[in-house]
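J.: Here's my sequence, what's the structure:
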Amino acid sequence: DNDAAAFGVTVLFEEESHQTRVTMHALFKTDTERKRVVNGYDAVTSANQTLERLDKFLQEFLPPHEKTAAAPRG
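T.: Below is the predicted model:
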């Protein structure tokens, strides 16, 4: 467990006004490692792209009455 690059990710799905809020949290062992991943791998953009792909997948496979426009991400 001495790997400084190790980190954990939690993804939370919460119902909110007949929609689902998805929250992602990443926990790093050090702030230096967090900065390296966020800046070196453009992790925030990558996470947003992952959520966009999830939205696209769900829009293709959900029944028509369950489809809604994607919520803005921040």
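J.: in stretch 16-32, what's buried?
T.: Phe28 (16 or more other C-beta atoms under 10 Å). (Glycine included, C-beta is placed from N, CA and C.)
J.: what distance separates the start and the end of that stretch?
T.: 35 Å (C-alpha to C-alpha, to the nearest Å).
J.: How far off centre is stretch 3-15?
T.: 9 Å (C-alpha atoms, centre = their mean, to the nearest Å).
J.: Export that stretch to CSV, keeping only CA atoms.
T.: C-alpha atoms of stretch 3-15 as CSV (Å, rounded to 0.1, in the frame of the first residue of the first chain):
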residue,chain,number,x,y,z
ASP,A,3,1.9,3.2,-4.1
ALA,A,4,1.6,7.1,-4.1
ALA,A,5,-0.2,6.9,-7.4
ALA,A,6,-3.1,4.8,-5.9
PHE,A,7,-6.4,6.6,-5.5
GLY,A,8,-10.0,5.7,-4.9
VAL,A,9,-13.1,6.9,-6.8
THR,A,10,-16.6,7.0,-5.5
VAL,A,11,-19.6,7.5,-7.8
LEU,A,12,-22.9,8.5,-6.2
PHE,A,13,-26.2,8.3,-8.0
GLU,A,14,-29.0,10.3,-6.4
GLU,A,15,-32.6,10.8,-7.5
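J.: quick thing: my sequence starts at 23, can you match it?
T.: Sure thing, new numbering starts at 23, so read that last one as stretch 25-37.
J.: Quick check: buried residues in that stretch?
T.: Buried, per 16+ other C-beta under 10 Å, within stretch 25-37: nothing.
J.: Name the surrounding residues that touch it.
T.: 42-52, 55-56, 59 (C-beta atoms under 8 Å, 6 or more residues apart in numbering).
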